[in-house]
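S.K.: need coordinates for the following:
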Amino acid sequence: QVQLVESGGGLVQAGGSLRLSCAASGIPFSQYTVAWFHQAPGKEREFVAASTWEDYMTYYVNRVKGRFTISRDADRGTVYLQMNRLKPEDTAVYYCAADRYRTSPLDRYTDYAYWGQGTQVTVSS
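M.R.: Next up is the predicted model:
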């Protein structure tokens, strides 16, 4: 049974940092592209970052480049999203998603087969 479990969300002031974790089980981790999406109230789910299978290349939406870092610990089967210099507009529920052998495109949430339950990130001004 495939399971993705996010953790690490919370309330932080603007300019602060959080690290989200996505622990995967039930899948051969190295065969899966893992991505982070977020969804603010009343808005569509949006792509944030991805770590591709096989070569572990990383990709980001422009507005988080230089602030967020996605990384993967293969031994632990966990993907992290380090979020620095957080802004109020980063406030959303953050979801991790996984899809086997996924290559481009990476930013369409409808393409991902497995999802976590989400973790709330709130950035106060």
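
S.K.: tell me how far the closest residue to residue 17 other than its chain neighbours lies from residue 24.
M.R.: Once flanking residues are discounted, residue 17 sits nearest to residue 84: 4.7 Å by Cβ to Cβ, 6 or more residues apart in numbering. Backbone N, C-alpha and C define where each C-beta goes, glycine included. Separation of residue 84 from residue 24 (Cβ to Cβ, to the nearest Å) stands at 24 Å.

S.K.: give me phi/psi at the most centrally placed residue in the chain?
M.R.: The centre of the chain sits closest to residue 36, judged by Cα atoms, centre = their mean, with a distance of 2.1 Å. The phi and psi values for residue 36, taken as degrees, to the nearest 10, are phi -110, psi 130.

S.K.: show me what it bridges to in the sheet.
M.R.: residue 49, residue 96 (DSSP bridges).

S.K.: check whether it really touches residue 90, as I assumed.
M.R.: No: contact between residue 36 and residue 90 fails when scored by Cβ atoms under 8 Å: they sit 11.6 Å apart.

S.K.: list the contacts of the residue nearest to residue 17.
M.R.: Residues near residue 84 by Cβ atoms under 8 Å, 6 or more residues apart in numbering: 17, 67-69.

S.K.: same check on residue 70?
M.R.: 36, 49-51, 58, 60, 79-82.

S.K.: for the residue nearest to residue 17, give me the pLDDT.
M.R.: Note for residue 84: predicted pLDDT of 98.

S.K.: can you check residue 109 too?
M.R.: For residue 109, the predicted pLDDT is 96.

S.K.: with that, I have no additional questions.
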